[in-house]
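Student: need the 3D shape of this:
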Amino acid sequence: MAEQGKYIRFQDVNLAELGNGFFGGNLVESPNLEVTLVTGDEGAGHGFHAHDDLDEVLIFLEGACDFNLGGREIEVQAGSLLHAPAGVEHKVRYKAKSKVLRIKVPAARA
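Tutor: Residues are numbered from 1 along each chain as shown. Next up, the predicted model:
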């Protein structure tokens, strides 16, 4: 049976059920979309990497971080959105406890 869609109120999301630490848990997962609520503690993060076949959109709900996007250093605050296109290297280091909505979608094929 096909996915019928999903409605989520973020104030009702129980982080304990999603998991702890940097990767949080998936809110939506399908062949064409992955939405994850990421929680990061101060000092957490990851090194440079790129997704060859995925575009990644990051919506910063709470906290702050230093983000490197394609060699450009960006100081990110809550209320910001970042787009890391397929193939562009990026990394993050949290400066405060943070919540980020991460959306991954397949990159358009030429």
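Student: contacts and neighbour counts: CA atoms only from here.
Tutor: Noted.
Student: where exactly do the strands run in the protein?
Tutor: Secondary structure of the chain (DSSP state E): strands located at 25-30, 33-40, 45-49, 54-62, 64-69, 72-77, 81-84, 90-94, 98-106.
Student: ok, Glu42 touching Asp66?
Tutor: No. Glu42 is beyond contact range of Asp66, at 11.0 Å (criterion: C-alpha atoms under 8 Å).
Student: joint contacts of the two?
Tutor: Counting by C-alpha atoms under 8 Å, 6 or more residues apart in numbering, the contacts common to Glu42 and Asp66 are 93-95.
Student: which residues of the protein score low on pLDDT?
Tutor: By pLDDT under 70, the weakly predicted segments of the chain are 1-4, 6-25, 109-110.
Student: how about a cut-off of 90?
Tutor: Filtered on pLDDT under 90, the chain yields the residue ranges 1-41, 61, 99, 101, 107-110.
Student: on that earlier part again, okay if I get the strands of the chain as TSV plus distance to Gly5?
Tutor: Formatted as TSV, the entries for those read as follows, by distance: least, C-alpha to C-alpha, whole Å:
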stretch	distance to Gly5
strand 25-30	9
strand 33-40	12
strand 45-49	31
strand 54-62	20
strand 64-69	31
strand 72-77	30
strand 81-84	24
strand 90-94	30
strand 98-106	16
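Student: could I get those strands as TSV with mean neighbour count?
Tutor: Output for those, formatted as TSV (neighbours: other C-alpha atoms under 10 Å):
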stretch	mean neighbour count
strand 25-30	15
strand 33-40	20
strand 45-49	13
strand 54-62	19
strand 64-69	20
strand 72-77	13
strand 81-84	16
strand 90-94	19
strand 98-106	20
